[in-house]
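Q: generate a structure from the sequence data that follows.
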Amino acid sequence: MAGTNNTSSRSGLSPGTYSLTVTDSKFCSVSYSTVINPPSSCPSALEVCISDIPETFSTTPDPTVSSYTWTVPTGAVIISGQGTISIRVNWAGVPVGSDLICVSTSNSCGPGQQYCRTIITKGLVATVTSSPPCAGNDLILYSSGGINYTWTGPNGFASTSDNPVRYNTNATHSGYYAVTITDNNGCKATGGLNVNIEDPPSASFIPYNAGCGQTNGFIDLSVFGGASPYNYIWSNGTTTQDNVALSSGNYIVTVTDANGCITTGSASIGEVNGPSVNLTGMNIPCYGSNSGTIENNVSGGTAPYSYYWSHGATTKDLTNLPQGLYEVTVVDANGCADVKSISIFEPRVLFADRSVTDVLCNGSSTGSITVNVTGGISPYSIMWAGGATTFQRTLLSAGTYLATVTDANGCQQPIQVVVSQPLAPLSSSLSATDVACYNSNNGSINQTTSGGTKPYSYQWSSIENPGFNSTSEDISTLQQGNYIVTVTDARGCSVSANALISQPDTLINSLTGTNLSCFKSQNGTITQTVSGGNSPYSYLWSDGKTTANRTLLQAGNFTVTVTDSKGCISTSTKSITEPAELLSTATPTHIECNSNASGNIVLSTSGVVIPHFIISGQMEVRQKT
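A: Here you go, the predicted model:
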């Protein structure tokens, strides 16, 4: 081959014309040339996602190939299939960009060809973070980069939100939270986060009052629980644990532990010999009702007292309050003051989360409802229309279910849950086409499925034909028999139907005939009787005639082919015979003497079927055979 000597095979060649000369040890030689053409078009690049969710690649099988060797870009991992026509590849370690995936073939003769496709890798990373995992708080999970999200987590957690919230967390909500995200290219990625729900820190205060009009009060703060170290921010800007050199007033502190869990609290510094304030609050029983109250009891100091609340009120007591922190400054007649604060709380909104399992098959009772309640004040109760009182309902038919959830404060949340079912029951309709001719196998059944949930699967059987088995929607090339199909939908609902494939009786034509009465008389007949098959029938005789019966026939063999309306055929032959030709010879004996009756005639015949006599005048002639 031009360009390289003593090489039997070449690879990596560009398009062009190549010549090969083979010379043996005796210097005998033979030459051959071939043309390698460029491809008419290159296959388009394949797009894959950088993900630990495997993708499958395959090549067209070649019966002459015994092994396939695959190579993938750096960072990709072949999970299974090396050596076969199909592999599964994990792309999690491949950078964004383009590369090649190739397969090389080989057999007992050696290496074969290599085929490659360009791979374009697209990146998608599932990053998961969360808000501080503090008991009693809401846990917010964060992820981004996709358009669809599927979350799972401990204690039955599931969500399709990009940033789902788990309300009022506790230790049972600790564990691994996983998410699978899908972007608008169809790429998927998985990620997760271990979350350990811990109690937030708690704070206790020992306040020491200041002298009237002086700044010598202080607050001794103690912190328990949570995770140290702690950060402190007081409302007067102090960032130390204890707050000192204080005048009378209310002081709020925010304590943040190492996990980011937060607790707040307040303490009031009063004045010695001044008024002393004691606040008693009544929290809001139900979310959003604005029904909180504060009762203000003042002792000490010199009456009358003036009241200055943080939200502008100047009354002694407060009613119809929303949730919040309320601070009051009480000033006596001498100008000495005491400041106290109190928080009015309301429960979280009473929320009933519903998990519904729809009815699998139309008309059945396989639905279920599970109600999980958060917010409000536990314990909770539920009352369903109809009297049921459980949070989990099973064996439900399709329909709308109403219930009311009530918490320990008597707050109520009505709920409405719809249990759906497939719009129509699964149904199978069969249309059979019978076998055309006796003992043939050209029957068929067209199967039409409606209702249920697509896709459907099919299983056929036949009692009369025990070897028959099919999973096709429609079946053909059938013999006579009863055929049964079981249709199963995507939810496992099934329905059966059967159809009978019939066949006609055997097509039979029988012939009776009348032979010719005389030689060459052409008065033979054939009468035909047809049974079985499928009427009407058509007839074709060997002499081209198309009637059922025949008359005016000569002697001979007559074959008729009967075809019924379905194309089935029966053939019969009838022979029509004729007698031999009637021949006669008369031998006379003349009269010897005039007027006497001594003459006679002897008649010899052949071809006469039955004996007969001929009498003429006074002469009697008897047949001589």
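Q: could you use CA atoms for every contact and neighbour count after this?
A: Will do.
Q: which stretches of the stretch 201-350 of the chain form strands?
A: Assigned by DSSP state E, counting those that start in this stretch, the stretch 201-350 of the chain shows strands spanning 202-208, 210-211, 217-224, 231-234, 243-246, 249-256, 262-269, 271-272, 275-282, 292-300, 306-309, 318-321, 324-331, 337-344.
Q: which stretch among those comes nearest Thr56?
A: strand 262-269 (48.9 Å; Cα to Cα).
Q: report all helices and strands that the closest one contacts.
A: Contacts defined by 3 or more Cα pairs under 8 Å, 6 or more residues apart in numbering; DSSP states H and E place strand 262-269 against strand 202-208, strand 217-224, strand 249-256, strand 337-344.
Q: quick one, which of these gets closest to Phe519.
A: Nearest to Phe519, of all the helices and strands packed on strand 262-269, is strand 249-256, at 132.7 Å by Cα to Cα.
Q: and that closest one, how far out from the chain's middle?
A: Computed by Cα atoms, centre = their mean, to the nearest Å, the separation of strand 249-256 from the middle of its chain amounts to 57 Å.
Q: buried ones in that strand?
A: Applying a neighbour-count criterion of 16 or more other Cα atoms under 10 Å, one finds Gly249, Asn250, Tyr251, Val253, Thr254, Val255, Thr256 buried in strand 249-256.
Q: my read: the third one touches Ala267, true?
A: In this case it means Tyr251. Yes. Tyr251 lies in contact with Ala267 (Cα atoms under 8 Å); the separation is 5.5 Å.
Q: what's the burial count for Gly387?
A: 9 (other Cα atoms under 10 Å).
Q: before we move on, what about Asp138?
A: Around Asp138 there are 16 residues (other Cα under 10 Å).
Q: now it: how far from Leu193?
A: 16 Å (Cα to Cα, to the nearest Å).
Q: in the sheet, which residues pair with the closest residue to Ser306 other than its chain neighbours? Tell me.
A: In this structure, Ser306 finds its nearest non-sequential neighbour in Val331, 5.2 Å apart by Cα to Cα, 6 or more residues apart in numbering. Here Val331 shows beta-bridge partners Ser306, Ala337, assigned using DSSP bridges.
Q: Ser427 now?
A: Taking DSSP bridges as the rule, Ser427 bridges to Ser450.
Q: double-check it against Ser450; I have them as touching.
A: Yes. At 5.3 Å, Ser427 and Ser450 qualify as touching, with contact defined as Cα under 8 Å.
Q: where does the prediction get shaky in the stretch 201-350 of the chain?
A: Along the stretch 201-350 of the chain, no part satisfies pLDDT under 70.
Q: again, only using 80
A: Residues of the stretch 201-350 of the chain that meet the criterion pLDDT under 80 lie in 211-213, 272-273.
Q: returning to that earlier point: the residue nearest to Ser306 contacts Thr302, correct?
A: No. Between Val331 and Thr302 there is no contact under Cα under 8 Å: 9.1 Å.
Q: what about the two, which has more around it?
A: Set Val331 next to Thr302 and count neighbours by other Cα under 10 Å: Val331 wins out with 22 against 15.
Q: and that one, what does it touch?
A: Counting by Cα atoms under 8 Å, 6 or more residues apart in numbering, Val331 touches Pro275, Tyr305, Ser306, Tyr307, Ala337, Asp338.
Q: nearest residue to the last one in space, please, no chain neighbours.
A: So the one you mean is Asp338. Closest to Asp338 by Cα to Cα, 6+ apart is Gly270, at 4.7 Å.
Q: please report phi then psi for that neighbour.
A: phi -90, psi -170 (degrees, to the nearest 10).
Q: that one and Phe345, how far apart?
A: Separation of Gly270 from Phe345 (Cα to Cα): 25 Å.
Q: which of those two has more residues huddled nearby?
A: Shown here are Gly270 and Phe345; by other Cα under 10 Å, Gly270 has more neighbours (27 against 19).
Q: just checking, that one touches Val330?
A: No. Using Cα under 8 Å, Gly270 is not in contact with Val330; the gap is 10.0 Å.
Q: any residues in contact with both of these two?
A: Ala337, Asp338, Val339.
Q: so how many other residues sit close to the last one?
A: The criterion is other Cα under 10 Å. On that basis, Val339 has 25 neighbouring residues.
Q: likewise the second one?
A: Applying other Cα under 10 Å, we find 27 residues neighbouring Asp338.
Q: contacts only, for it.
A: Contact analysis of Asp338 by Cα under 8 Å, 6+ apart lists 248-249, 268-271, 274-277, 329-331.
Q: distance to Thr74 added to the residues you listed, as a markdown table?
A: Listed next are the contacts of Asp338 as a markdown table, based on distance: Cα to Cα, whole Å:
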| residue | distance to Thr74 |
| --- | --- |
| Ser248 | 71 |
| Gly249 | 68 |
| Ser268 | 67 |
| Ile269 | 69 |
| Gly270 | 73 |
| Glu271 | 76 |
| Gly274 | 80 |
| Pro275 | 79 |
| Ser276 | 77 |
| Val277 | 74 |
| Thr329 | 72 |
| Val330 | 76 |
| Val331 | 78 |
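Q: and stretch 474-487, end to end?
A: End residues of stretch 474-487 are separated by 12 Å (Cα to Cα).
Q: what does it rub up against?
A: Counting by Cα under 8 Å, 6+ apart, 428, 434-435, 439-447, 449, 456-465, 494-503 sit against stretch 474-487.
Q: can you rerun that using 6 Å?
A: Outside of stretch 474-487, the residues within contact range by Cα atoms under 6 Å, 6 or more residues apart in numbering are 441-447, 457-462, 464, 494-503.
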